[in-house]
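A.B. asks: This is a predicted model, with the sequence first.
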Amino acid sequence: MSSVFGKPRAGSGPQSTPLEVNLAILGRRGAGKSALTVKFLTKRFISEYDPNLEDTYSSEETVDHQPVHLRVMDTADLDTPRNCERYLNWAHAFLVVYSVDSRQSFDSSSSYLELLALHAKETQRSVPALLLGNKLDMAQYRQVTKAEGVALAGRFGCLFFEVSACLDFEHVQHVFHEAVREARRELEKSPLTRPLFISEERALPHQAPLTARHGLASCTFNTLSTVSLKEVPTVAQAKLVTVKSSRAQSKRKAPTLTLLKGFKIF
Ligand SMILES: Nc1nc2c(ncn2[C@@H]2O[C@H](COP(=O)(O)OP(=O)(O)OP(=O)(O)O)[C@@H](O)[C@H]2O)c(=O)[nH]1
């Protein structure tokens with residue numbers, strides 16, 4: 001295959017078609033998903049967000065000299081994974097976030113990783129995940145050691161980082177770019193795999209509830225054959241909207257930020 005990720009290709013450069021990568025940020029409420037997303041997109045730390053909003057943002061990135069059109073879904077699942085299909089069938093990679101000063105958030109991140117592993121098994125589609133211990137600046141209030149983070153990541157075979165949304169931008173950017181690299185590797189293995197999303201809710205004969213054992217009873221997912229799926233709209237098709245929410249207003253300050261209403265599923 002002539003495509004070599006990580007190196008400029010013949011014909012690559014500003015004119016080449018950007019790689020499209022969808023990244024979903026998962027984690028318990030308050031872990032810092034929005035703060036990390038905004039830090040990555042704007043280089044700023046913004047401390048307060050409306051916790052109930054879920055947005056998908058678009059950013060043009062260059063990773064290893066290659067243009068990447070990155071979409072970031074900042075999810076809002078409240079306390080446990082819910083209606084997971086909106087990101088399970090959409091994302092090329094996941095960032096699972098917990099806060100180093102919250103044992104509860106660490107336990108939730110474990111539930112998310114189990115959910116992703118289960119989904120990969122069911123669908124035979126492996127999607128990389130990275131585990132992030134956020135709020136490293138709060139290390140003096142740690143409830144989760146670094147060794148525990150390393151061990152959990154090792155159990156699920158994912159990369160692990162400790163970060164802080166309010167410290168240096170470069171570290172946060174590095175983590176997001178690592179997620180792109182992981183996604184790219186998977187896409188190279190199966191280039192025909194396209195992201196999918198659920199176009200409508202309908203009765204699903206073969207819905208498989210995840211076990212309460214994992215704290216995932218409210219989350220269901222389906223194999224691709226049981227639902228009506230549509231390709232994610234291209235950026236050109238996506239409708240740009242004016243952002244009205246308080247959280248999004250904070251994010252709107254970045255001139256390059258684009259909210260893609262086309263990705264709202266529910
Ligand atoms: N000290 C510190 N505070 C952080 C950091 N990241 C986020 N916070 C704070 O933690 C709180 C929760 O952050 P959010 O980004 O809203 O967390 P979330 O995971 O998006 O949570 P929801 O919006 O409820 O889904 C906010 O008050 C943030 O300012 C960090 O790295 N360090």
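C.D. replies: Ah, there it is.

A.B. asks: Give me the nearest residue to Asn134, chain neighbours excluded.
C.D. replies: Excluding the flanking residues, the one nearest Asn134 by CB to CB, 6 or more residues apart in numbering is Gly32, at 4.0 Å. Bear in mind the C-beta positions are built from the backbone N, C-alpha and C, glycine included.

A.B. asks: list the contacts for that neighbour?
C.D. replies: Shown in contact with Gly32 (CB atoms under 8 Å, 6 or more residues apart in numbering): 97, 99, 134-135, 165.

A.B. asks: any idea how far it is from Thr42?
C.D. replies: Distance of Gly32 to Thr42, computed by CB to CB, to the nearest Å: 15 Å.

A.B. asks: pLDDT weak spots in the protein?
C.D. replies: Under the criterion pLDDT under 70, the flagged ranges of the chain are 1-15, 48-52, 78-79, 191-266.

A.B. asks: can you tell me which of the contacts of Gly32 are in helices?
C.D. replies: Among those, the subset assigned to helices under DSSP state H is empty.

A.B. asks: Could I get the phi/psi values of the residue nearest to Asn134?
C.D. replies: Main-chain torsions, Gly32, degrees, to the nearest 10: phi 110, psi 20.

A.B. asks: any idea how far the ligand is from it?
C.D. replies: 3 Å (CB to the nearest ligand atom, to the nearest Å).

A.B. asks: circling back to that earlier point, near the ligand, which of the contacts of Gly32 show up?
C.D. replies: Contacts with the ligand within these, as defined by CB under 6 Å from any ligand atom: 134-135, 165.

A.B. asks: Can you tell me which of those residues end up in strands?
C.D. replies: Asn134 (DSSP state E).

A.B. asks: Using CSV, lay out the ones next to the ligand among the contacts of Gly32 together with neighbour count and distance to Val172.
C.D. replies: Converted to CSV, those look like this (neighbours: other CB atoms under 10 Å; distance: CB to CB, whole Å):
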residue, neighbour count, distance to Val172
Asn134, 29, 9
Lys135, 26, 12
Ala165, 28, 7
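
A.B. asks: What residues does the chain have near the ligand?
C.D. replies: So the chain meets the ligand at 27, 29-35, 47-49, 51, 76, 134-135, 137-138, 164-166 (CB under 6 Å from any ligand atom).
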